[in-house]
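Engineer: take a look and give me a structure for this.
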Amino acid sequence: MARIVIADDSATLRRIVTSVLSKDGHEVVAAEDGIGAVQQVFAHQPDAVVLDVQMPRVSGFIAARVLKDDWQTADIPVVMLTSLDAASDRYWAGQAGVDRYLTKDFAAGDLSATIDEVLIAAQAARGGRPALKADPLELTEEDVLSRVCDLLDRKLFESSVAQAVTAIAATASGLEQSVAALLGVLQRFVGYDLAAVLLGAERSAYVAVGKDTAREHYDAFLTAAAEAVSSYGGAAFSPGDLSTRVAQAGGTLVDDPEDLPNGPEQAQMATYLSMPLRGHGGAVVGVLALSSATKNAFGETALSTLKLIEGPAAIVIDNARLSAG
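Structural biologist: Numbers count the residues shown, from 1 in each chain. Got it, this is the predicted structure:
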């Protein structure tokens, strides 16, 4: 009926699970730990995976994260079968993308029913279409460990970014300091020539200069950002309608943008992007915009970071503006 990879460091549990699933007509591929589980999944492209949590070298939680993180295996349902039953264990299973959670006091019927459930749910998610499976891929142990390290590095980076943004609420005083702190975080994690937070209701803009740019770059950037605010908020206005504060590289504030040094002529805007800042209740309170004189300056990593920042940044700014009001 279905091909299922199971992984458990207990030979007894492997025999029991294999026996139950084989009696149901399933083809079973067994592994002894998390590394073997990942190898077998990529090699066999199964219909479901059953993982223990406490296994040598790589745990079931990490194996599940690696599988759910890769497009080739992300849609394969994962069942966690473990002796652990604390609320924290179930929470981490959910964070790892696990589809179902069973404890090892299971009855044979429980496991069979759970496998049927995840297979039916996976088919329903595809709209009844056959599963599109990637070509088999042979991974060495080093390949699996490299994927684990890459995943952990990325999760640590994401956690650091989110922590840096949420910490603004506790360390910044007032709206202007909150916006300045946010743009400072962006400079560290993304990099830009110009960045701005524009607030529609306040008709205000705070612009940070990461690198000296041509005056035309600054003007084009602020015009594009104002248009973005208009498109999200409905009220049309131009840069001339904004109360603008500018911070040069190094943090020096300039009240009049005309006082900014004019950078090299070739440093004109080549890349621009913006995203709405959705505050409490999902209302758009403003726009976060970035630009660069380098073409395609914001790659996949930068876009992923911005997407990560978008939600907490909007709440931090909305709280600051509401407090200021």
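Engineer: report pLDDT for the residue nearest to Leu277 when sequence neighbours are not counted.
Structural biologist: If the residues on either side of it in the chain are set aside, Leu277 comes closest to Ala314, at 4.0 Å by C-beta to C-beta, 6 or more residues apart in numbering. Placement of C-beta: from N, CA and C, glycine included. Predicted confidence (pLDDT) at Ala314: the value is 88.
Engineer: now do whichever strand or helix holds Ala314: which elements does it pack against?
Structural biologist: Per DSSP states H and E: Ala314 is located in helix 300-324. Identification of packing neighbours for helix 300-324 by 3 or more C-beta pairs under 8 Å, 6 or more residues apart in numbering; DSSP states H and E yields helix 141-166, helix 168-171, helix 174-189, strand 194-199, strand 271-278, strand 284-292.
Engineer: domain assignment for the chain?
Structural biologist: As assigned by automatic domain parsing, the chain contains the domains 3-155, 167-324.
Engineer: could you dump those domains into JSON lines with distance to Val161 and mean neighbour count added?
Structural biologist: As requested, those are exported to JSON lines (distance: least, C-beta to C-beta, whole Å; neighbours: other C-beta atoms under 10 Å):
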{"stretch": "domain 3-155", "distance to Val161": "11", "mean neighbour count": "17"}
{"stretch": "domain 167-324", "distance to Val161": "5", "mean neighbour count": "18"}
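Engineer: where does pLDDT dip in the stretch 101-250 of the chain?
Structural biologist: Scanning the stretch 101-250 of the chain for pLDDT under 70 picks out 233-235, 248-250.
Engineer: try it again with 80
Structural biologist: 106, 108, 128, 130-131, 212, 233-242, 244-250 (pLDDT under 80).
Engineer: now the helix holding Ala314 and strand 284-292, what's the angle there?
Structural biologist: For helix 300-324 against strand 284-292, the angle by axes from the mean of the first three to the mean of the last three C-alpha atoms, to 10 degrees is 140 degrees.
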